[in-house]
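Participant: Based on what follows, work out the 3D shape:
(one chain, ligands or ions: 1)
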Amino acid sequence: MFLKGILDFWLAYAMQNLLGATRLKHKQEWCIKMKAFVSVDLEGMPYVVAPSHLNLKGALYEEARKIATKITFAVADELHKNGFEEVVVADSHGPMVNLHVEDLPEYVEIIRGFPRPLSMVAGVEGCAAALFLGYHAKFGTAKSTFDHTYSGGSIRKVEVNGVEVSEFLLNAYVAGELGVPAIMVAGEAQLLKDDVEKWAPWAETVALKDSLSRVASKSPSMTKIEKQLREAVKNAVAKLEAKKVKPLVAKKPVNMRVTFLVSHFADVAALLPIAKRLDALTVEYTAQSMAEAYKTFELLVLAASGVAALLTQQT
Ligand SMILES: [Zn+2]
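Facilitator: As a prediction, the model looks like this:
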C-alpha cells in the first residue's frame, strides 16, 4: 500500500513535468513571432505625379504622405489579419521620414531616417516575407512616372552580375540573400512588367498607376486600390504558406557596375581602392555578398551627393 502510494505520487509528478514541458514547448513556439517587412517609396504611389509631391518643403508633399500612409496601413492591416504578428515598415523615400506614424497600428515597427545601413531594406533580416510599396521603374524607362534608379541626382544605371536593376530588384536581392522572399510589389505599372514579372513571377502585383508621361499618370480610386491591395496580400500570404515563393539570390561574389550621370561622380567613386574605372561614367567592383555590394553602392551615392554639394557651394 505504501509502495503503491509512492509509485502513484511519482507517476503524478512525472506526468506533471511532462505536461509542463509540453506547455513550455508550446509557449516557445508562440514566442517566435511571424514578422513581415514592408519597404515604402513615394514615386510609385498613386496620384503622386508632381515634383512638389516628393520633397519635404513641396506644396503637395502632405498629400503624398497621406496617400503613402493609407496604402501602408491597408497592407499592414491585411498582413496582420493573415497571421503576421509584427510588421516592420521601412520608410524609404528621400530623407525617409514620410509616413504619418501616428496613423499606423500597434503591431507596426517603423524604421525611419537616412543614411542608415541597408537603406531601403533596413530591418528586413529575420522577416518571413518582404513587400514593396510605391516602387517605380528604373532610370531611362519611357512614359514612367519619376523613372530613376536609387538616386535621381547621380545614377544612370546599376548592374548586378550584368543585369540592370531597378530599386525593387536591387532591394529584393538583398532581402533574398537574407532568406527573405519578395511576395508582393505595388507600384508603377511599367516596373511590374519590366522587373517584377520577369525576375519574381511568383510575387503578387498591384498597379497603383499607369503612366502617361514622366509627370502624369492614371490610377484607380483609392477605394478600389485598397480592395486590390488586400486581395493581393491574401494571395501572397497563401503562396508563402504553400511555398510557391522563393528568395531572389544573386550569385557570389557579386559584380557591381555603377554608371553615373556625370563624370566627376565617377572620378570620386574611383578613389575607392576596389573600384575599377571602366569609362568616363562607369565604375565596377566586386563584393563578397549582396549586402556588401549594396552598402558600397550606398557609399558611392553619398560620395556623389557630397561632391555635388561641394561644387554647388563653389558656384
Ligand atoms: Zn523615392
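Participant: all helices in this protein, in order from the N-terminus.
Facilitator: Residue ranges of the helices in the chain, as given by DSSP state H, are 2-31, 61-81, 167-177, 189-191, 197-199, 222-241, 263-269, 290-313.
Participant: could you measure residue 43 against the ion, distance?
Facilitator: 5 Å (C-beta to the ion, to the nearest Å). Glycine gets a C-beta too; all of them are placed from N, C-alpha and C.
Participant: Isn't that residue up against residue 150?
Facilitator: No. In terms of C-beta atoms under 8 Å, residue 43 does not count as a neighbour of residue 150; the distance is 11.4 Å.
Participant: What's the local residue count around the residue nearest to residue 152 when sequence neighbours are not counted?
Facilitator: Of all residues not flanking residue 152 in the chain, residue 146 sits nearest, at 7.4 Å (C-beta to C-beta, 6 or more residues apart in numbering). Around residue 146 there are 23 other residues, counting by other C-beta atoms under 10 Å.
Participant: So for the residue of the stretch 201-315 of the chain found nearest the ion, what pLDDT did the model give?
Facilitator: Nearest residue of the stretch 201-315 of the chain to the ion, counting by C-beta to the ion: residue 301, 12.7 Å away. Residue 301 is assigned 97 on the pLDDT scale.
Participant: I'd say residue 126 and residue 33 touch.
Facilitator: No. In this structure residue 126 lies outside contact range of residue 33 using C-beta under 8 Å: 9.5 Å.
Participant: shared neighbours of those two, which are they?
Facilitator: Listed as contacting both residue 126 and residue 33 by C-beta atoms under 8 Å, 6 or more residues apart in numbering is no residue at all.
Participant: Run through the residues that contact the residue nearest to residue 65 when sequence neighbours are not counted.
Facilitator: For residue 65, the nearest residue in space outside its immediate sequence neighbours is residue 98; the separation is 5.4 Å by C-beta to C-beta, 6+ apart. Residue 98 sits next to 40, 42, 64-65, 68, 91 when contact means C-beta under 8 Å, 6+ apart.
Participant: Pull out the buried residues from these.
Facilitator: Listed as buried from the contacts of residue 98 are 40, 42, 64-65, 68, 91; burial here means 16 or more other C-beta atoms under 10 Å.
Participant: From the ion, how far off is residue 38?
Facilitator: In terms of C-beta to the ion, residue 38 sits 15 Å off from the ion.
Participant: That residue: how many residues sit nearby?
Facilitator: Based on other C-beta under 10 Å, the number of other residues close to residue 38 is 28.
Participant: Ok, residue 95 next?
Facilitator: Neighbours of residue 95 (other C-beta under 10 Å): 12.
Participant: quick revisit: report the two of the contacts of residue 98 separated the most.
Facilitator: 64 and 91 (12.4 Å; C-beta to C-beta).
Participant: tell me which residues in stretch 94-114 are buried?
Facilitator: Buried-residue list, stretch 94-114, by 16+ other C-beta under 10 Å: 96, 98-99, 104, 108, 110-112, 114.
Participant: same deal with stretch 146-154?
Facilitator: For stretch 146-154, burial by neighbour count (16+ other C-beta under 10 Å) applies to 146-151, 154.
Participant: which bits of the protein sit near the ion?
Facilitator: 41, 43, 93 (C-beta under 5 Å from the ion).
Participant: Can you redo these as TSV, where the extra columns are pLDDT and neighbour count?
Facilitator: Output for the residues of the chain next to the ion, formatted as TSV (pLDDT from 0 to 100; neighbours: other C-beta atoms under 10 Å):
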residue	pLDDT	neighbour count
41	98	27
43	98	26
93	97	23
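Participant: the bottom helix or strand of the chain by mean pLDDT?
Facilitator: helix 2-31 (a mean of 43; mean pLDDT, DSSP states H and E).
Participant: which residues does the residue of the stretch 1-150 of the chain found nearest the ion contact?
Facilitator: Here the stretch 1-150 of the chain gets closest to the ion at one residue, residue 93, 3.7 Å apart by C-beta to the ion. By C-beta under 8 Å, 6+ apart, the contact set of residue 93 is 40-43, 54, 68, 134.
Participant: now, among the residues you listed, which is nearest to residue 308?
Facilitator: residue 54 (17.4 Å).
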